[in-house]
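Asker: model this:
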Amino acid sequence: MNLNEILQENFNANDTIKIQKYISKNASYYISEGERYSLDFAFFIDVASRMKVGGELVLLSKFIKLLDAFEISDSSEEKHKNYCLIASLLYPLTEVDSNFDELFEYYCEKVILLSGGIAKALKNRLIEILPRHGTFELYAKYLFFKERYHEVDALCEHARAQEWRGNWNKWKGKTVGEVKLSVKKATKVQKIGFDGEMAAIVKLKDMGYEVARFGKERKNSSLNHKLLNIVPDTHVGLSHINIFKNNLGQKRGLGINISSENLEQNTYPKELDYTFEEFIELAKTCSSKYPCHLYQKDRKQAPCSLGRNLFNPIYLDGLTPPLYTGHFHKCASIQKCQGRFGLISALQRGKIGSLNVTNQFLQDNIRVHLYIQKCFLEHQNSKKTPKDILDGGKKYKKLGHPGRYDFIAYNSEECVAVEVKANTSKLSYWQEMRLALLASFGQKVMVLSVVDNITNIITPQFNVELPTEEDFLSTLNYSHPPESPIKGVIGDTLITGYS
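Answerer: Coordinates of the predicted model:
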């Protein structure tokens, strides 16, 4: 039975036409018309994601149920991975439509049935520390807010017994009411902080700076500064083409297309980016030394194949890379490259390939962010206490915020890392570490104290013990244990060799 026959058997004429339209948009996959259709999970997830983005939720729930109608020839490991993908696609829908609850639970239970064998297989490959299990974490959260506490405890104990990495005590001994009250208190504190940030922005502009936000948007959109540009953790090239302006993060369906026709106007400042020539050098380094999955599979569909038209929206419109490589279509195809370019740009301080770096602040900021990210990972994977690790009397709070500062103040002369503290709040350990590292590299940092709407510049006193250069580079080159024995393509390529 081929795909069209299955659709006609399970859907009415109108729904069949709708589904076929979603399938026809997916030009990168060949649909078998043989007697049996062996389902490609990437194809299935892509079509389902298009339906989700298109708001066809009723049709989506019916389409996903077709999965059991196909002959699945994937290995247990592939099934496990892809059932996890389906669960992650369904979870946000359970928060808005209870009709997806049963379907979400069904695929989570499929994951649970396979997880033990997968854990054992990974250990047999001498992978001592297993990765986090996102589906178990999502399912535990889902069950908790359904107030099915005994099931949460059983699930977390199951994950712990199989030795999947994760905070399996997160919900232990708590109730939904207590968690909601805690969230309410945290929101009040965040509002005080936001008001302090608003006062700080006024102060910085009075000092002659433009202001951009560093890091990710907050989940509570009312606490985001709408008119400020956002400087991502590692993505670069946004002054040349800014896909983030199109709210890419809010439209994570795999079928997303952003063409030159609907690309929003770009206001990202060139002061917070590298030059065009540096990106040409980064593209050469990326394709020659760290070729991604897409470049190895079909280099003609890779943005770096465009040469000096790398950021040209018209040329990017012609790219339709296979979606399983992690690249979107058209202009959005460059977005993954921009993340890789950021990582590659941080490989050697002061240089980008054969060129001297033009924005040392940006390069140092990426290096420090990667160091803190790897430091978290390294400590989480250590054999010490998983929640808090004592080191010289300081607690590394493994489950806390990684300490991003608030703003980058910039003008034609300099960039400054700015942290804002309202009322009596103080720098966290990781905020202090981040600012102290930037200062040690010669970058300017500033702490603004806002009390009763009065903003003062305070001189930060850093008490953290900074890593030696050797320790800094060692941590920067740290790889997650499951990745360490793997060379070449993983789903992408490991970028290591920071010096």
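
Asker: What residues of stretch 337-344 count as buried?
Answerer: Neighbour-count burial for stretch 337-344 flags 337-344 (criterion: 16 or more other CB atoms under 10 Å). No exception for glycine: its C-beta is placed from N, CA and C like everyone else's.

Asker: do stretch 197-213 as well
Answerer: So, applying 16+ other CB under 10 Å, buried residues of stretch 197-213: 197, 199-201, 203-204, 209-213.

Asker: so how far is the first residue of it from its last?
Answerer: 10 Å (CA to CA, to the nearest Å).

Asker: Can you give the contact residues for whichever strand or helix holds residue 114?
Answerer: Element membership of residue 114, judged by DSSP states H and E, is helix 101-124. Applying CB atoms under 8 Å, 6 or more residues apart in numbering, the contact partners of helix 101-124 are 61, 64-65, 76-77, 79-80, 83-84, 86-87, 90-91, 93-94, 130, 133, 135-136, 138-139, 142, 155, 158-159, 162-164, 482.

Asker: mind listing what's buried in that helix?
Answerer: Neighbour-count burial for helix 101-124 [16+ other CB under 10 Å]: 103-108, 110-112, 114-115, 118-119, 122.

Asker: Rebuild those as a markdown table, extending it with distance to residue 366.
Answerer: Output for the buried residues of helix 101-124, formatted as a markdown table (distance: CB to CB, whole Å):
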| residue | distance to residue 366 |
| --- | --- |
| 103 | 40 |
| 104 | 37 |
| 105 | 41 |
| 106 | 42 |
| 107 | 37 |
| 108 | 36 |
| 110 | 39 |
| 111 | 35 |
| 112 | 38 |
| 114 | 37 |
| 115 | 35 |
| 118 | 33 |
| 119 | 34 |
| 122 | 31 |
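
Asker: so who does residue 164 touch?
Answerer: Residue 164 neighbours (CB under 8 Å, 6+ apart): 115, 119, 130-133, 136.

Asker: same deal with residue 321?
Answerer: So residue 321 contacts 28, 294, 298, 301-302, 327-329, 333 (CB under 8 Å, 6+ apart).

Asker: same deal with residue 308?
Answerer: residue 280.

Asker: Checking it next. Helix, strand or coil?
Answerer: Classification of residue 308 using DSSP: H, G, I helix; E, B strand; the rest coil returns helix.

Asker: and if you look at residue 200?
Answerer: Residue 200 is classified as helix under three-state DSSP.

Asker: Next: residue 430.
Answerer: Residue 430, by the three-state scheme (three-state DSSP), is helix.

Asker: Verify the stated contact: it with residue 403.
Answerer: Yes: counting by CB atoms under 8 Å, residue 403 is a contact partner of residue 430 at 2.7 Å.

Asker: Need the residues touching each of those two.
Answerer: Joint contacts of residue 430 and residue 403 (CB under 8 Å, 6+ apart) are residue 372.

Asker: would you list the buried residues of stretch 197-213 in TSV and tack on pLDDT?
Answerer: Output for those, formatted as TSV (pLDDT from 0 to 100):
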residue	pLDDT
197	88
199	89
200	90
201	92
203	93
204	94
209	96
210	95
211	95
212	94
213	91
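
Asker: Among those residues, which are located in helices?
Answerer: 197, 199-201, 203-204 (DSSP state H).

Asker: Show me which of those is closest to residue 49.
Answerer: Of all these, the one sitting nearest residue 49 is residue 197; the distance, using CB to CB, is 34.8 Å.

Asker: What sits closest to the closest one if chain neighbours are left out?
Answerer: residue 420 (5.1 Å; CB to CB, 6 or more residues apart in numbering).

Asker: Surely that neighbour is within a helix?
Answerer: No: Residue 420: not assigned to a helix; according to three-state DSSP it is strand.

Asker: quick one: it and residue 409 touch, right?
Answerer: No: using CB under 8 Å as the test, residue 420 is too far from residue 409 to be in contact (10.9 Å).

Asker: Mutual contacts of these two, please.
Answerer: With CB under 8 Å, 6+ apart as the test, residue 420 and residue 409 reach no residue in common.

Asker: do you know how far residue 289 is from residue 373?
Answerer: Distance, residue 289 to residue 373, by CB to CB, to the nearest Å: 21 Å.

Asker: out of those two, which sits in the busier spot?
Answerer: residue 373 (16 against 13; other CB atoms under 10 Å).

Asker: who are the neighbours in contact with the residue lying closest to the more buried one once chain neighbours are set aside?
Answerer: Of all residues not flanking residue 373 in the chain, residue 402 sits nearest, at 6.7 Å (CB to CB, 6+ apart). By CB under 8 Å, 6+ apart, residue 402 lies in contact with 372-373, 376, 430.

Asker: I am finished for the moment; much appreciated.
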